[in-house]
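*Asks:* Below is the sequence, then the predicted model.
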Amino acid sequence: MVNSIKRVLLGPPFPTSRAVHERLDKARALAVFASDPISSNAYATEAIMTVLVVLGTGHLGLTFPIAIAITVLIALVVFSYNQTIQHYPQGGGAYMVAKDNLGTNPSLVAGAALLTDYVLTVSVSVSAGIRAITSALHDVTWLTEHRVLLGLLVILVITWINLRGVRESGTIFAIPTYAFVVGVFAVIAIGLVRYYGLGGLEPMRPPALVGEAALPITGFAYMWLILRAFAAGCTALTGIEAISDGVSAFQRPEPRNAIITMRAMAVMATGLFLGISFLATHVGIVPVEGGESVLSQLTRTVAGPGPLYYWVQGFTMLILVLAANTGYQDFPRLSSFLARDGFLPRWMTNVGHRLVFSAGILTLTALASLTLVAFGGDEIRMLPLYAIGVFISFTVSQLGMVRLWGKIAALAPGETLDTGITTLHYEKGWQWRRLANLVGAITTFVVLIILAATKFLDGAWIIIVAIPAIVFLFKRIRGHYTTVSKNLRTRDLQPDQLRSVADVVVVPIADVHRGSLRAIKYALRLSKDVRVAYVVTDPAAEARLRQRWERWEAVTGAAKLVTIESQYREVIDPLVDYIEEVNEEFRDQLVTVVVPEFVPETLMSNFLHNQTAALLRIRLRAHEDIVIIDVPYHLERPKDDGAPAG
């Protein structure tokens, strides 16, 4: 039944041989991996202007210079990740670079930072999309009152789409992504034409913005607000690292296609960002807290309330929601790298029904849903947490690349170096590449400090505390796997050190019926010394059991019925005590316990059976000399043969 449901919901399973055909071409990959940085243009400019307006509307003109500074930062980061993709084509991004060049602790910091950022990508994007929908339909009060429920439903839909496979999700997400880009670029083009009066049109005459703050702001407070505006605009960088994490999802040649896609993403995202920022500050747009968005005002001012306006607004809503897909692409993949190295549960490396990391997808769904509920579906409260993780990963990644160029510098032309993760060759021009990465690392570190300082009290402290806690968890998981490995290794094991198997089997039963008879018959194949344990809580029930026992002597054969008196009507404790006595009788040998178990016809029926057996298994697991074997008996739905019940 489970397989039938999976086929209906997800489609037929894909064989492993189809993995190469499920990889993404550049067009789909751009939609899958770039939805987050592209969608950030819906609010990045507004984030800058919302801070600057505190200084007075006359200072909104600083938005465009700040946007240029952020664009330069984007160029540095994209250059660094291009180098990362070339040298680490298997993917893994900042985690893999740090692991290879900086050591375990920096790599775990990068991994923890990225995982938290991907969780927030989902919860923030979905919450922002729901806010856009409820704002557009503000008359429908039910939608506003149930924003959290709507957000959870959207997360479930995105989860379902991603569980169907990477290629299929890329096809689905491509339409709104490209439609949003086309719509906003159309607005920018029309705005520039109208602003400069090209084609014989009369230039737009925006109102002069000369308003000042209610109280004069100068000195340190002024610089602090400028830094806050810059930090707020750095949300435009979120998601840029996604392609470097998912290189293996691209069609061959993977590195080349990934680099081309990343450059296209950077050009597209920065073009939108600069265009919106320029026009917003040159046509008199003023941010309204809790009101109409800057992008909405800009579109209406430039193109009027016509088809283009509704096109941009509609696809803005969609891309804000679907930007969560960046997290769904990279959280499972990064989790698989960490799990492969023993820092997360090994089952997160499993590839599921449709050749995707299903466990990672479902884990992300759970974490993002909990985050969304915890913050009440309010993306404004989550935004201060948003960019901290990604800038930590930026800094660690670029420092790792600085170290990598040092290794390359030590190679002679034609010489290679196998690092265990990648193979390095001598490269001309390594000096300026190393310098670019060093400048990028310093710049992103400075931005990280600015973000942490300006957003600390607004909630950034949560991420600053969470990342070390997650790293600690990684190490505890790795420690557990190391302990398991040491316990299971056979390097120093001698044959005589293995415990012998005792010639005895204990079969706990509650009655003589088809299930228990099957278990006894099975046990008699294992040993001649089979002890069937029955706990007596009612003398009348014991008498009935003995009658059935004698009736089925042909099956029970050499098995010995052991009755255990229970004065206080308990079953588990007397059974455990008896099995421990048998274990003591066969000291340092493995004692086998065969447990009869019903397998009901429906999943819900499980709650009506096997509870005693389940508790018994839990109690016996603590004993290293006891082996438990379940013997299932499948129950069938009774057929109506016309005979009276009973």
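*Replies:* Looks like it arrived, so ask away.

*Asks:* which stretches of this protein have low pLDDT?
*Replies:* 1-22, 135-139, 166-170, 206-218, 290-291, 353, 602-610, 637-646 (pLDDT under 70).

*Asks:* Quick check: longest helix in it by residues?
*Replies:* helix 104-136 (DSSP state H).

*Asks:* after it comes which helix or strand?
*Replies:* Next helix or strand after helix 104-136 toward the C-terminus (DSSP states H and E): helix 141-145.

*Asks:* picking that back up, return the distance of the longest helix of the chain from the chain's centre.
*Replies:* The chain centre lies 9 Å from the centre of helix 104-136; the measure is Cα atoms, centre = their mean, to the nearest Å.

*Asks:* go on, stretch 220-237?
*Replies:* With Cα atoms, centre = their mean as the basis, stretch 220-237 stands 29 Å off its chain's centre.

*Asks:* Pull the residues that contact the strand or helix carrying Ile629.
*Replies:* Element membership for Ile629 (DSSP H and E) is strand 626-634. Residues external to strand 626-634 that are found in contact with it (Cβ atoms under 8 Å, 6 or more residues apart in numbering): 501, 514-515, 518-519, 522, 579, 583, 590-599, 601, 613, 617, 620-621. For glycine as for every other residue, the C-beta is placed from the backbone atoms N, C-alpha and C.

*Asks:* so who does the residue nearest to Leu201 when sequence neighbours are not counted touch?
*Replies:* Of all residues not flanking Leu201 in the chain, Arg194 sits nearest, at 6.1 Å (Cβ to Cβ, 6 or more residues apart in numbering). By Cβ under 8 Å, 6+ apart, the residues touching Arg194 are Leu201, Pro203, Met204, Val302.

*Asks:* For the helix or strand hosting the last one, which helices and strands make contact with it?
*Replies:* With the criterion set as DSSP H and E, the secondary-structure element containing Val302 is helix 294-303. Applying 3 or more Cβ pairs under 8 Å, 6 or more residues apart in numbering; DSSP states H and E, one finds that helix 294-303 contacts helix 44-52, helix 166-196, helix 254-282, helix 307-322.

*Asks:* Which among the ones you listed is found nearest to Arg433?
*Replies:* helix 254-282 (14.2 Å; Cβ to Cβ).

*Asks:* gap between that closest one and the chain center?
*Replies:* The answer for helix 254-282 is 25 Å, by Cα atoms, centre = their mean.

*Asks:* Okay, buried residues for that helix please.
*Replies:* Judged by neighbour count using 16 or more other Cβ atoms under 10 Å, the buried positions of helix 254-282 are 254-255, 257-259, 261-262, 265-266, 268-282.

*Asks:* now that helix against helix 166-196, angle please.
*Replies:* 30 degrees (axes from the mean of the first three to the mean of the last three Cα atoms, to 10 degrees).

*Asks:* What is helix 254-282 packed up against?
*Replies:* Applying 3+ Cβ pairs under 8 Å, 6+ apart, we find helix 254-282 packed against helix 26-33, helix 35-39, helix 44-52, helix 63-87, helix 166-196, helix 242-245, helix 294-303.

*Asks:* and the first one, what other elements does it pack with?
*Replies:* Secondary-structure packing of helix 26-33 (3+ Cβ pairs under 8 Å, 6+ apart): helix 166-196, helix 242-245, helix 254-282, helix 324-340.

*Asks:* ok, now with 10 Å
*Replies:* Applying 3 or more Cβ pairs under 10 Å, 6 or more residues apart in numbering; DSSP states H and E, we find helix 26-33 packed against helix 166-196, helix 242-245, helix 254-282, helix 307-322, helix 324-340.

*Asks:* Now the last one: buried residues?
*Replies:* Counting neighbours by 16+ other Cβ under 10 Å, one finds that the buried residues in helix 324-340 are 324-339.

*Asks:* What of stretch 456-472?
*Replies:* Gly459, Ala460, Ile463, Ala466, Ile467, Ile470, Val471.

*Asks:* Run through who's touching it.
*Replies:* Contact partners of stretch 456-472, identified using Cβ atoms under 10 Å, 6 or more residues apart in numbering, comprise 104-105, 107-113, 115-117, 119-120, 228, 231, 343, 375, 380-389, 392, 451-455.

*Asks:* Can you turn the buried part of those into a PyMOL selection?
*Replies:* In PyMOL, this line selects whichever of the contacts of stretch 456-472 come out buried by 16+ other Cβ under 10 Å:
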select buried, resi 107+108+109+110+111+112+113+115+116+117+119+120+228+231+343+375+382+383+384+385+386+387+388+389+392+451+452+454+455
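
*Asks:* all helices for the stretch 301-450 of the chain, in order.
*Replies:* 307-322, 324-340, 358-374, 379-409, 430-455 (DSSP state H, counting those that start in this stretch).

*Asks:* of all the ones you listed, which lies closest to Ile240?
*Replies:* Nearest to Ile240, of those and by Cβ to Cβ, is helix 379-409 at 7.7 Å.

*Asks:* For the longest strand seen in the chain, which strands pair with it and how are they oriented?
*Replies:* Identified as the longest strand of the chain according to DSSP state E is strand 589-599. In the sheet, strand 589-599 lines up against strand 500-508 (parallel), strand 626-634 (parallel) (DSSP bridges).

*Asks:* just checking, what packs against the following helix or strand past it?
*Replies:* Toward the C-terminus, strand 589-599 is succeeded by helix 611-620 as the next helix or strand (DSSP H and E). In this structure, helix 611-620 packs against strand 500-508, helix 572-585, strand 589-599, strand 626-634, with contacts taken as 3+ Cβ pairs under 10 Å, 6+ apart.

*Asks:* TSV for those, including distance to Glu427?
*Replies:* Shown next, in TSV, are these (distance: least, Cβ to Cβ, whole Å):
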stretch	distance to Glu427
strand 500-508	61
helix 572-585	65
strand 589-599	59
strand 626-634	58
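
*Asks:* how about the ones you listed in TSV, adding mean neighbour count?
*Replies:* Below are those laid out as TSV (neighbours: other Cβ atoms under 10 Å):
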stretch	mean neighbour count
strand 500-508	20
helix 572-585	16
strand 589-599	20
strand 626-634	15
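
*Asks:* which one of the ones you listed lies closest to Ala558?
*Replies:* Here strand 500-508 is closest among these (Cβ to Cβ), at 11.3 Å.

*Asks:* Next, the angle from the next helix or strand after that closest one to strand 500-508.
*Replies:* Sequence order places helix 514-526 as the next helix or strand after strand 500-508, per DSSP H and E. Per the same axes, to 10 degrees, the angle that helix 514-526 makes with strand 500-508 is 160 degrees.

*Asks:* Thanks a lot, see you next time.
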